[in-house]
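# 3D, please:
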Amino acid sequence: MHACASCRHYNLLWQEVQEQLNALLEEDETLKRTMMFKRTALVSALERQYVRCLLICSKLNTVHDHLKQPQRRALLRTLLDLTLTRQLEIRHEVCALDATDTLHVDHLMNKLHLQPQQLSVTIPTYFYRERQELLAEREAAMIKCLEEAGVASVEEEESFLSVPEAIAIIQRHERARQARNRALHTKALATSKERDRGRGRGVVEKPLSPEAAAVLIQAHVRGGIARALVRKMRHEDKIFLGMESGGTSEEATRVKEKLALTRQQAYRAQQRMKKELESIEAEERNRIIFEEGPQMVTALDEGLREWIFQVKRDTGKFPDFPDEDEGGSAAIDGLLDPLRPRTSEVVKDSSAGLKDREGKDDKSQQHQLDEEEEEQLVAVWQSAVADQLTEACATYRDELQRVTSPLDVWQPVGVGEVGEEVQRTLVVEGEQQHVRDIVRDKVDDLARMQLQKLKEVIEGEKKGTRKKKKSKRGKKNKRKKEKDLTPDRSTESLFEELVINGIVKSVEQHPGLDELSGSPSRVGHRIMVSSGWPSPSYGDFLNTLVEYVALPLGLEYLHDLAEDDSGSGVVSEGVAAAVVRSLLIVGNRGSGKSAALYAVAKSTGALLLDLTATNIVGRYPGKTGQAMMLHLVLKVGRLLQPTIILVDEADRTFLKKVPKTDKSEPRRLRKDLPRLVKAIAPEDRIVLVGISNSPWNCDIKNLTSVYHKVLLCPRPTCSARAALWVHQLQLHGAQISPALDISCLARISDGFTARQLCYVTRQVVSLKKKIATEKSAVLIQDFIPYLAKQEPLYREEEEALNSWFFKTPLMRKRAKLHEELKILKEKKLAAEKAGKGRGKSKKKK
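Presented below is the predicted three-dimensional model:
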């Protein structure tokens, strides 16, 4: 069975991505061989690698989302996770070198011919889609729990017009009707006067000749056609420039519905093929166990017996059998192991080639270094996933492009044509290895018991007298064992308790990331070079939030890697930096901080726990109650991870003096938040996120000691407001007429926040829908009354926030780095001027 047209397209796209991934690995290997770099040279090289990772991850996510063959999708999943981990490593390395949390790579758009939306960070679709059924069950359980407890949240009813608003609308329309009637009457009088003046009564018009009439008709027709063509061209140009939207909202809705239906059909096909694969795996596993299992047990048992007595004959003592943590019989040297699988030649060749390349000294890279002696040399971070990514690419070359037989469905029949049915050969190989592992565990346990009995009978050694060798990896889990305050309660009961107390929040009714408007800055890198730090755009803020919260929460492999590193004692810098435990979002009121966090929680399918002071007031009183609350939050968060713990108004936790009118006890978690952050282990997919509108109300050291990262959410610029107006109008299904000047609307809304713009759009569109007139297109004058009622964001508030942000430890480090670079540049310019001066003096002589 050959692949369909869409599958052929995605297979070709995968081949293209694989070539780009190989180029990325080659560049990583080049950077790895050159250990020391000048800072500017290393930053520029890593920025190119980062953009490559962005593009590769976006394409891998597209292919993984649309392909149906489950075995290829498993390999794609591995490639996608590894590439995302590598992207996070590069991102944190660049940010550490530049001393900033916002990465500006807009200068590479023109060089690589990219569009701004291609620089947006991709959240894999499987983060949410594979948990969709679980999240639906959790949402239903929350609703049922609230209804049974009698504290169900009342749904917001549709807001109706008040009596004064209804009277004002009726008066406005009545006055408009009377004005139209007066205008029609005035026009009729003017027409009658014009007719009386000479073109009507008593004057006989001279008839035109047929030739003159034809010329007149042709002139009018050609003029009408030309004007229509000009209007069409102007409309197309405005659509191309983004000044107008192409098509109506109804057309866009129909296209979205058709696309959603197509995706649902593809998802159902993926689930069907996944179930087919699981049934084939179970069938092959049972067959291998009954047909090949006895031979495996006999062969391994004979090999172990022969090894034991051979060691007894050579040394005079029975050997020590390796423990399960050490690998069991697989770790025995000199054992003829019949269960050890053969290593793929492709993987051997690729790994050998890499080792050969590592052994060679690449002296040509030294010529690319900057010759400024003043600039400090920095070392390249070693990637923790480079070897795994190389092995995954070798698996692609080995498994997907080999010719095993003329009927091999993996082998492309044509360009991009690959069968979509399950490949039974790969299933048999995988299940054989699975059965080998099961057989090895059983035979190892039996051999370990028999060997211990032989030692007790012959050598007199009692069980437990042998000293265990310390594992080279050390302790795998260094977390201090916490006391379980609820050992006898189920996860469902703990979850229900948090729901009833209002700590668990639902995120399904909030918009997702695709419904938020924001694009990366186009001039961020230029401003960073000149002034040292550009104000990030809302798209830059979303990218940073996704890479600090969404990707670490969704990537299980990243946390497994961090857990292994913490157990071995050798922690990779990139992996340690990628696992963010706590984060603080600061910004002016209404700038979109909470909306972005709720969107991230929805896109990753994370559980949101709200520990805001106003939300937990009156709940879990006393020290024991507070300890129980934090215990429940951590325990449920680990059981139902990924989890986001939210603390809104985070600055009020560290207030020096609480107002007497404030009864919410804002300083209640002052001592417990640092312990909470410390209790989050590397393997826990949990993050603490604080939100603050006025962080200058408390000591900055207290905030930065709890929240390790600080992100600034900016107010919308003029271009961001224009994009936000268009996005919100299209989102609410409004009719955008050419008469609506979006640029003018963006200018008059300067000083207003994103939340206010969204509120005004919702009010205007709902009013138009309630009126339901024939001419219900939105005009600019419809926004003026609602904007006039909003309180703008004053300049003093923005300046206070910026001055506080520049006092954070990272921004102080950034300012110091900028000053050093500025001094180096001045020295270089002075040296160049001095050289030119010497040259001129020599010419004069």
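
# and the longest helix for this structure?
helix 249-291 (DSSP state H).

# Could you point out the helix or strand that follows that helix?
With elements assigned by DSSP states H and E, the helix or strand that comes after helix 249-291 is helix 293-315.

# got the angle for that next one vs helix 249-291?
Here helix 293-315 runs at an angle of 60 degrees relative to helix 249-291 (axes from the mean of the first three to the mean of the last three Cα atoms, to 10 degrees).

# Okay, buried residues for helix 293-315 please.
Neighbour counts over helix 293-315 (16 or more other Cβ atoms under 10 Å) mark 293, 296-297, 299-301, 303-304, 307-308, 311 as buried. For glycine as for every other residue, the C-beta is placed from the backbone atoms N, C-alpha and C.

# Report the mean per-residue pLDDT for the longest helix of the chain.
Average pLDDT, helix 249-291: 78.

# ok, now stretch 761-772?
In this model, stretch 761-772 carries a mean pLDDT of 73.

# swap in stretch 625-634?
For stretch 625-634, the mean pLDDT works out to 90.

# now stretch 535-549
89.

# So for it, first residue to last residue, what's the gap.
Start to finish, the residues bounding stretch 535-549 are 21 Å apart (Cα to Cα, to the nearest Å).

# And stretch 710-717, by the same measure?
Length of stretch 710-717, first residue to last, Cα to Cα: 21 Å.

# and that stretch, average pLDDT?
Mean per-residue pLDDT for stretch 710-717: 88.

# Identify each buried residue in that stretch, please.
Buried residues in stretch 710-717 (16+ other Cβ under 10 Å): 710-716.

# As a check, name the ranges of all strands in the stretch 551-700 of the chain.
Along the stretch 551-700 of the chain, counting by DSSP state E, counting those that start in this stretch, strands occupy 582-587, 607-610, 643-648, 686-692.

# got the angle between the first one and strand 686-692?
Orientation check (the same axes, to 10 degrees): strand 582-587 against strand 686-692 gives 20 degrees.

# Tell me which other helices or strands strand 582-587 touches.
Judged by 3 or more Cβ pairs under 8 Å, 6 or more residues apart in numbering; DSSP states H and E, strand 582-587 is in contact with helix 593-604, strand 686-692, helix 700-706, strand 709-713, helix 795-805.

# Among those, pick out the one with the most neighbours on average.
strand 686-692 (a mean of 25; mean count of other Cβ atoms under 10 Å).

# quick revisit: for Thr34, find the nearest of the helices and strands packed on strand 582-587.
Nearest to Thr34 among the helices and strands packed on strand 582-587 is strand 709-713 (29.8 Å), distances taken as Cβ to Cβ.

# next helix or strand past the worst-scoring helix or strand of the chain on mean pLDDT?
None of the helices or strands of the chain scores lower by mean pLDDT, DSSP states H and E than helix 345-359, at a mean of 40. Downstream of helix 345-359, the first helix or strand assigned by DSSP H and E is strand 377-379.

# And the contacts of that following strand?
Residues outside strand 377-379 that contact it (Cβ atoms under 8 Å, 6 or more residues apart in numbering) are 35-39, 42, 97.

# Switch those residues over to CSV; also include neighbour count, secondary structure and distance to Ser209.
Converted to CSV, the contacts of strand 377-379 look like this (neighbours: other Cβ atoms under 10 Å; DSSP: H, G, I helix; E, B strand; the rest coil; distance: Cβ to Cβ, whole Å):
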residue, neighbour count, secondary structure, distance to Ser209
Met35, 12, coil, 93
Met36, 12, strand, 92
Phe37, 23, strand, 87
Lys38, 17, strand, 86
Arg39, 17, helix, 85
Leu42, 22, helix, 84
Leu97, 17, helix, 84
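
# okay, who's weakest in the residues you listed by pLDDT?
Lowest in pLDDT among these is Met35, which has 67.
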